[in-house]
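K.L.:
Everything below, folded, please.
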Amino acid sequence: MSSTTRVFVARLAALSVFDPLGDQVGRVRDVVVHFSSSQRAPRVIGLVVEVPGRRRVFVPMTRVTSVDAGQVITTGLVNMRRFEQRTSETLVLAELFERLIRVSAHDETFEATVEDIAIEQEPNRDWVIVKVFARKGSGGTRSISRLGRRRGETVLVDVHEVSGLQLEAEDQSAAKLLESYDDLKPADLAEVIHDLNPTRRAAVAAALDDEKLADVLEELPEDDQVEILRGLGRERAADILEAMQPDDAADLLSELSPENVEELLRLMEPDEAADLRRLLTYDEDTAGGLMTTEPVILGPEATIAEALAVVRRVELSPALAATVFVCRPPLETPTGRFLGLVHIQRLLREPPHAFIGSILDKDLEPLTPDAPIGRVTRMLATYNLVGVPVVDEDGRLVGAVTVDDVLDHILPEDWREERHEVTHGP
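P.N.:
Below you'll find the predicted structure:
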């Protein structure tokens, strides 16, 4: 590096990262450090940088040429492999901030909460943690007075005057990690969680609310899904399965032993369990094995306005929201007789007061649950569809297969785990 520099990590976060030509590579999202009893001070080994596309990559400190003037300059060569945290690595922002520590300085010993970390480049060009900025007391940033000020005196102490800074895996702040990734979509958060070590992954999963964890599980590889589900209490595991899309929940259950499956199904709401029991009877390479039991279903007397209000629901995926399936009551699968379907484009072209029963597409031949995946894909491609109905031998709608379900099935099993290496710079 060009000169010795001390930097506080809180100020480093979100700084732009540039190559030598002045092109922006990304933004700093965290600092990676390594604790070792053989080192004089915890060593900074690199930065987590978010590059375009929200991919978070690792940039070694050996590739950083300067940290000054509100920016980070690199050599220009950045490995675009997604960052994978190792068990020996600690993330400063996600894991050390708000950490409860013990300080022995100025002839006194007291508890304090970490608010910032100062890193500095040594003459040998290594970067190390040198100072800890902390607030006396255990409340940290959450201890706020009625006047809006944080309580407790602040201190800036040498890292050697601090104990409890090094994290044990089971004691890391999962909530803080999630806070740093709060803006990620479930698929992107799933990538982050996938890269954590198993203990850390379990802690983060436990900290997520049921709906968010269900969304994330749907995006994870099967091995991670099973590992996380087994780490949850049985009651919560059943709640998570209820919150997942039925087809995804059924796929996850199919990876468990029959005894575990039955135990979880008994803990679920009877209606939810009945859907999953039905899905588990179908072969995974058939329409029944691919379908969801919760498509958008309305009766023929519903108006266009009502149908549009239903497909606007935020919890619906774009694929599910694209098609309304029209049936006689009951309107939960297995429904009454299937009458036809209406595409969202057609809904947008019709007057709001019209009945959806008057604009049905009745020409599409529904699939049966045992239809092979080849027939499903041909129907979607031939008629340019987003979703197709699946009916039983009595003509009742039992589910629908959407294009995202098919893609998930026909892609290689490890598609979620693919890594891409790209270089950036001259």
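K.L.:
For the rest of this, base every contact and every neighbour count on C-alpha atoms.
P.N.:
Noted.
K.L.:
Could you pull up the residues touching the closest residue to residue 311 other than its chain neighbours?
P.N.:
Counting by C-alpha to C-alpha, 6 or more residues apart in numbering, residue 321 is the residue found nearest to residue 311 once chain neighbours are left out, at 4.9 Å. Residues in contact with residue 321 (C-alpha atoms under 8 Å, 6 or more residues apart in numbering) are 296, 311-312, 344.
K.L.:
And residue 321, how far from residue 296?
P.N.:
According to C-alpha to C-alpha, to the nearest Å, residue 321 and residue 296 sit 7 Å apart.
K.L.:
Same check on residue 108?
P.N.:
From residue 108 to residue 296 the distance is 65 Å (C-alpha to C-alpha).
K.L.:
Settle it for me: which of the two has more neighbours?
P.N.:
Shown here are residue 108 and residue 296; by other C-alpha atoms under 10 Å, residue 296 has more neighbours (21 against 7).
K.L.:
Local confidence estimate at the closest residue to the more buried one other than its chain neighbours?
P.N.:
Excluding the flanking residues, the one nearest residue 296 by C-alpha to C-alpha, 6+ apart is residue 324, at 5.2 Å. In this model, residue 324 is scored at 98, pLDDT.
K.L.:
And for residue 324, the neighbour number?
P.N.:
26.
K.L.:
Show me the beta-bridge partners of it.
P.N.:
Beta-bridge pairing for residue 324 (DSSP bridges): residue 296, residue 342.
K.L.:
Now do the buried residues in the longest strand seen in the chain.
P.N.:
As assigned by DSSP state E, the longest strand anywhere in the chain is strand 108-121. Neighbour counts using 16 or more other C-alpha atoms under 10 Å place 111-121 of strand 108-121 among the buried residues.
K.L.:
From residue 42, how far off is residue 279?
P.N.:
52 Å.
K.L.:
Name the residue in these two with the higher neighbour count.
P.N.:
More neighbours surround residue 279 than the other of residue 279 and residue 42, with 26 against 21 (other C-alpha under 10 Å).
K.L.:
Check the more buried one and give its pLDDT.
P.N.:
For residue 279, pLDDT reads 95.
K.L.:
Also residue 409?
P.N.:
You'll see residue 409 listed with a pLDDT of 80.
K.L.:
that's a helix at it, yeah?
P.N.:
Yes: per DSSP: H, G, I helix; E, B strand; the rest coil, residue 409 lies within a helix segment.
K.L.:
Near it, how many residues? Count them for me, please.
P.N.:
14.
K.L.:
just residue 182 next, same as before
P.N.:
11.
K.L.:
repeat for residue 378
P.N.:
Number of residues near residue 378 (other C-alpha under 10 Å) recorded here: 11.
K.L.:
from what I can see residue 63 touches residue 75, true?
P.N.:
Yes: with contact defined as C-alpha atoms under 8 Å, residue 63 and residue 75 form a contacting pair (5.4 Å).
K.L.:
Sketch out the low-pLDDT regions of this structure for me.
P.N.:
Within the chain, the segments meeting pLDDT under 70 span 1-4, 37-38, 69, 138-151, 167-173, 176, 413-426.
K.L.:
how is it carved up into domains?
P.N.:
In terms of domains, the chain is parsed into 6-86, 94-171, 184-281, 296-410 (source: automatic domain parsing).
K.L.:
Turn those into CSV, including distance to residue 287.
P.N.:
Output for these, formatted as CSV (distance: least, C-alpha to C-alpha, whole Å):
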stretch, distance to residue 287
domain 6-86, 33
domain 94-171, 42
domain 184-281, 10
domain 296-410, 5
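K.L.:
Please name whichever of these is nearest to residue 177.
P.N.:
The closest of these to residue 177 is domain 94-171. By C-alpha to C-alpha, the value is 4.3 Å.
K.L.:
Okay, helices next: where are they in the stretch 101-250 of the chain?
P.N.:
174-180, 186-194, 198-207, 210-217, 222-231, 234-243, 246-253 (DSSP state H, counting those that start in this stretch).
K.L.:
which helices and strands sit right next to the shortest one?
P.N.:
With contacts defined as 3 or more C-alpha pairs under 8 Å, 6 or more residues apart in numbering; DSSP states H and E, the packing partners of helix 174-180 are helix 198-207.
K.L.:
Could you quantify the relative orientation of the helix it packs on and helix 210-217 as an angle?
P.N.:
140 degrees (axes from the mean of the first three to the mean of the last three C-alpha atoms, to 10 degrees).
K.L.:
ok, residue 313 - how many residues close by?
P.N.:
Residue 313, neighbours per other C-alpha under 10 Å, totals 10.
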